[in-house]
Each structure stands twice: as C-alpha cells, then as structure tokens.
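**Q** Using only what follows, build the 3D model:
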Amino acid sequence: MVNGLNGLALKESAATIAGNNGATVIPVVGDVSDPGVQRALLAACPGSDILVNNNGGPPRQDFRELDRKAMAAGVVQNIITPIELIQAVVDGMAERGFGRIVNITSMSVRMPIEGWTFQAAHAPG
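**A** Next comes the predicted model:
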C-alpha cells in the first residue's frame, strides 16, 4: 500500500513497485493527515506489520508569515499524524509478535533549511 497526494504519480509509483517485485500494491490518494484518508489506508492494509511514516510537512514560507494556523498544520502533519497511525497499528503488531515502525523526518531537525519555517524554527540547537 502506498499513499500520496498526486494520483497519477502515485499510480505510476505503485506500478513500478509492483513491476519490480510482483507485489500487489494498492495506491491510496489523499492527505495522510486527514482522518478519512487514514481510515482508507488502514482498510487497504489491515493487519499491517510495517508502518513507514514519511509525511511531506508544511510548505516553504517566510518565517515572518508563519501564523498559528500554519504552525498547527505543521504539528498535525509531523507529530499528530504519525502518532495516530502508530496507535492504529501497534496493538495488532504486538498481538502478532512482530512489527516495524519507521518514522522518517526532515534534515531540518539537524540543520535548518531556508524557507522551511516550521521545521527550521523548531530544530534542536
């Protein structure tokens, strides 16, 4: 199962993955931070043994333009969404005695990236 915002690119990626290894790949289009899309993802892959969180995060913008709404969206995308998905799969993984969770984040947690205000503003020193 793969997820992304661009339906055409997602279908092409799914076809490439399937073509490379013969796996069945289910594309689920939508914003992973939307609870409805999360439900669709989990329904497409019930009993998940592996979860990879790799949300794109907020768009680039000037720090002076960052408002509460943009900050809240960044928190939802980069913190709340991965936690929600982990909560949804961890009990099943524990029951089956196997599971892997991988959280991929931005390089901006180590080094600020110009224009990535939410991450750069909150990167550890």
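
**Q** mind listing the strands in this protein by residue range?
**A** 2-4, 27-29, 50-53, 100-103 (DSSP state E).

**Q** Out of those strands, which is closest to Ala72?
**A** strand 50-53 (18.7 Å; Cβ to Cβ). Every C-beta, even on glycine, is put in place using the N, C-alpha and C of the backbone.

**Q** For that closest one, which residues meet the burial criterion?
**A** Within strand 50-53, the residues scored as buried using 16 or more other Cβ atoms under 10 Å are Leu51, Asn53.

**Q** for stretch 85-97, same thing?
**A** Leu85, Val89, Met93.

**Q** Need the contact partners of it.
**A** Outside stretch 85-97, the residues within contact range by Cβ atoms under 8 Å, 6 or more residues apart in numbering are Val32, Gln38, Leu41, Leu42, Gly47, Ser48, Asp49, Leu51, Asn53, Gly99, Ile101.

**Q** Next one: the fifth one from Asn103, what distance?
**A** Just to be clear, that refers to Gly47. Using Cβ to Cβ, to the nearest Å, we find Gly47 at a distance of 20 Å from Asn103.

**Q** residues in contact with the residue nearest the centre of the chain?
**A** For the chain, the residue nearest the mean C-alpha position is Asn55 (3.0 Å; Cα atoms, centre = their mean). With contact taken as Cβ under 8 Å, 6+ apart, Asn55 is in contact with Val32, Ser33, Gln77, Asn78, Thr81, Pro82.
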